[in-house]
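> Mind looking at a prediction? Sequence and model below.
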Amino acid sequence: MGIFSFFSKEKKERLDQGLEKTKTSLLDKISKALVGKSAVDDAFLDDLEEILVSSDVGIETTLKIIDRLQKRVATDKYVGVAELNTLLKEEISKLLEENKSDIPTDFENLKGHKPYVVMVVGVNGVGKTTTIGKMANQYKKAGKKVVLGAGDTFRAAAVEQLKIWGTRNDVPVISHGMNTDPASVAFDTVQKAVEMDADVVIIDTAGRLHNKVGLMNELSKIKRVMQKVIPNAPNEILLVLDASTGQNAFEQAKQFTAATEVNALALTKLDGTAKGGVVIGVADQFKIPVKYIGVGEGIEDLQLFNKKEFVDSLFKS
C-alpha cells in the first residue's frame, strides 16, 4: 500500500465536513427546483443549469453536464429528486474519470525520480505556503527525506512562514531571505537535496500575477537553473487555487497554464465555501489532474483528491 492510498474513515468524515456547505447548497437547490414537478423536463434542466453555474462548476462544464442529462432523461425517463441525484452523480463521475492523470497520486508509484521535484505556483492568499507545509508533513510521516525551498522572495511573510513549517515538520528550508533571486534559491535547494540524498524537493515561488511574459520568464529561469543540477526537474508543477474565489480560480488557472507547464492542481479552502463545484469545472476545462484538495485548517486536512470519494460525499444525503 502506498503512502497516501488508504482512504480512512477519518479522512472520509473530514471530506464530508469540508464539502458540507457545497453539498447542502447544491442538494437544497435541486430539491426546491423539483418541487411540484412530475418529470425532469426542460424547465427543470434550465433551473439545474443555473444551479450548477451558481455553484461555480463553470458554464462550459455545466452545458456539458446538462447535455448528457438530457440524453439520459430522454432514454431512461428518470423522475424525482432521488433518481435525479443518482443520475447527476453518475454523469459528474464520468466527467471526472475522463480527465486521466499522468501524475500518480501515490508517491510510491513515482519510480526513477530521486529527488522528486515539485515547483509550487499560485497567487498570494490561496494557501500556497500552507499547502507546501502540509505536503511536507505527509511525506515526512511516510519516512521520506524532504527539502523545502523558500523561493517566494518578494514577501518576507512567505519566507518566514515556510521556515515555521520547516521547523514544525523537522525538514530543512533553504532560504536567501527577502528580495533575493528566486532561481538562486531553487538552485541551492535542489543541490542540497542531491547532497542529502533527499526523496522530495518542494520549491515555493512568488505569488504574483504580473504580466504573463514576466511570469513566464521568472518561472522559466527557475526551471533552467534547477535543470543544471537535475536535468528533468521539475517533475511536477503544482498550481494552488482557492476554491472559495469561484470564477477567479478559473482565471488564475488560465494565466498560470499559459505561463508554465502546470501538470497538477491543488484546490484549497473547500470547507469555507459553497463553491466546491469549481473542482469539477477546473478539472474538466483545463484537463489537468486535481491532486490535492484542502478541506480544513488542520495539518491532516490536505487530502489527495479521490474522484469517487469526492462525488460520493457531494451527493450524500
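Structure's in. What do you need? Numbering: from 1, shown residues only.
> mind listing what's buried in stretch 58-68?
By 16 or more other CB atoms under 10 Å, the buried positions in stretch 58-68 come out as 58, 61-62, 64-66, 68. To be clear about C-beta, it is placed using only N, CA and C from the backbone, and glycine gets the same treatment.
> Which ones among the residues you listed map onto helices?
If you go by DSSP state H, the buried residues of stretch 58-68 have 61-62, 64-66, 68 in helices.
> I'd like these as TSV, with distance to Met119 and pLDDT appended.
Converted to TSV, those look like this (distance: CB to CB, whole Å; pLDDT from 0 to 100):
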residue	distance to Met119	pLDDT
Thr61	27	95
Thr62	32	95
Lys64	31	95
Ile65	33	94
Ile66	37	94
Arg68	36	92
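> just those residues now: which is nearest Lys23?
Lys23 has its nearest neighbour among those in Ile65, at 16.6 Å by CB to CB.
> Please name the spatially closest residue to that closest one (chain neighbours excluded).
What sits nearest to Ile65 in space, not counting adjacent residues and going by CB to CB, 6 or more residues apart in numbering, is Glu91, at 5.7 Å.
> could you pull out the strands for the stretch 1-150 of the chain?
Using DSSP state E, counting those that start in this stretch, the strands of the stretch 1-150 of the chain run over 116-121, 146-149.
> just the ones you listed: most buried one?
Highest mean neighbour count among these (mean count of other CB atoms under 10 Å): strand 146-149, with a mean of 28.
> Show me what the helix or strand following that one is packed up against.
Following strand 146-149 in sequence order, the next helix or strand is helix 156-169 (DSSP states H and E). Packed against helix 156-169 by the contact rule (3 or more CB pairs under 8 Å, 6 or more residues apart in numbering; DSSP states H and E) you find helix 128-141, strand 146-149, strand 173-174.
> Give me the buried positions along helix 156-169.
Those would be 158-159, 161-162, 165-166, 169, for helix 156-169 by 16+ other CB under 10 Å.
> wait, which of those residues is closest to Val117?
Looking across the buried residues of helix 156-169 and measuring by CB to CB, the closest to Val117 is Leu162, at 16.2 Å.
> Distance-wise, check that closest one relative to Ser54.
As judged by CB to CB, to the nearest Å, Leu162 and Ser54 stand 36 Å apart.
> now Ala206
Ala206 is 33 Å from Ser54, by CB to CB.
> ok, the spatially most central residue of the chain - contacts?
Closest residue to the average C-alpha location of the chain: Ala266 at 1.8 Å, with CA atoms, centre = their mean. Contacts for Ala266 (CB atoms under 8 Å, 6 or more residues apart in numbering) come out as 131, 238-241, 290-294, 302.
> neighbours of the closest residue in space to Arg72 that isn't next to it in sequence, just the number please.
Sequence neighbours aside, Leu87 is the residue nearest to Arg72 in space, at 5.8 Å (criterion: CB to CB, 6+ apart). Residues lying near Leu87 (other CB atoms under 10 Å) number 17.
> Please apply the same query to the one 3 residues further on.
Here the count is done by other CB under 10 Å, and Glu90 has 15 residues near it.
> contacting residues around it?
Glu90 neighbours (CB under 8 Å, 6+ apart): none.
> Out of the ones in helices among the buried residues of stretch 58-68, the closest to Leu270 would be?
Nearest to Leu270 among those, with distances taken as CB to CB, is Thr61, at 17.1 Å.
> Verify the contact between the residue nearest to Ile65 and Ile66 for me.
No: under the criterion of CB atoms under 8 Å, Glu91 makes no contact with Ile66, lying 9.4 Å away.
> Quick one: low-confidence residue ranges for the protein.
1-7, 77-82, 100-111, 209-211 (pLDDT under 70).
> can you list the residues that contact stretch 167-185?
With CB under 8 Å, 6+ apart as the criterion, stretch 167-185 contacts 133, 136-137, 140, 146-156, 159, 162-163, 165-166, 188-189, 192, 196, 203, 205-206, 218, 221-222, 224-225.
> Skipping adjacent residues, who's closest to His113 in space?
Per CB to CB, 6+ apart, closest to His113 is Asn235, 5.3 Å.
> how far away is that neighbour from Met216?
For Asn235, the distance to Met216 - CB to CB - is 20 Å.
> Between those two, point out the one with more neighbours.
Taking neighbours as other CB under 10 Å, Asn235 and Met216 compare with Asn235 leading, 19 against 14.
> ok, back up a step: pull the most distant pair out of the buried residues of stretch 58-68.
Across the buried residues of stretch 58-68 (CB to CB), the longest gap, 15.0 Å, separates Gly58 and Arg68.
> partners of Asp204 in the sheet?
Per DSSP bridges, the residues bridged to Asp204 are Val120.
> what about it, neighbour count?
33.
> Next, format the strands of the stretch 1-150 of the chain as a markdown table and append distance to Val279.
As requested, these are exported to a markdown table (distance: least, CB to CB, whole Å):
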| stretch | distance to Val279 |
| --- | --- |
| strand 116-121 | 18 |
| strand 146-149 | 26 |
